[in-house]
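*Asks:* need a structure here:
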Amino acid sequence: MTSAPATAQELTPDEARAIAKEATIYGFPLVDSYRVQYSYFVDRGGREFKGPWNILSNVARVFTPADTAIQTPNSDTPYSALGADLRAEPLVISVPAIEKQLIREGADPVGGTSEEFGQFVQREYEKWKLIVIEAGARAD
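*Replies:* Numbering: from 1, shown residues only. So this is what the prediction gives:
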């Protein structure tokens, strides 16, 4: 016994329009993101290549209309690019010169997981809470 082959359901123009709208809203940004990632971090021979994955690359010039991989908010700002491939492990970014300067200026650079950072924020909150309340400081 054989069954009849499956056929596509007929769509009304409104249903087709709704499907196309959702594909554009939800699908296009994802596909375009892959296009940009490919041109920036994979296509070493392409003119938009910025650098390999997991390497911070600085572009020592301003972008112009000839740069067509993505729209840039400013044509007078040099940009840096980082293609972060997080599939295998977390990516740790360290800038020793900046870290040393922050320490000299009294900052306490911290790193680690988001959970560790949350614990740090909670400790800082507890440390400064009474001072803020006594000073009557407000965030408005």
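*Asks:* what's the longest strand in this protein?
*Replies:* In the chain, assigned by DSSP state E, the strand with the most residues is strand 57-62.
*Asks:* what's in contact with the helix or strand following that one?
*Replies:* Once the chain leaves strand 57-62, the next helix or strand it forms, by DSSP states H and E, is strand 78-81. Outside strand 78-81, the residues within contact range by Cβ atoms under 8 Å, 6 or more residues apart in numbering are 40-41, 50-51, 56-63, 72. C-betas here are computed from N, CA, C, even on glycine.
*Asks:* check those residues and tell me the two furthest apart.
*Replies:* Using Cβ to Cβ, the pair of those lying farthest apart is Phe41 and Val62, separated by 20.9 Å.
*Asks:* between the two, which is the more surrounded one?
*Replies:* Counted by other Cβ atoms under 10 Å, Phe41 and Val62 do not tie: Phe41 has more neighbours, with 22 against 13.
*Asks:* which residues touch that one?
*Replies:* Phe49, Lys50, Gly51, Pro52, Trp53, Ala81, Gly83.
*Asks:* since that was my last question, I'll sign off now.
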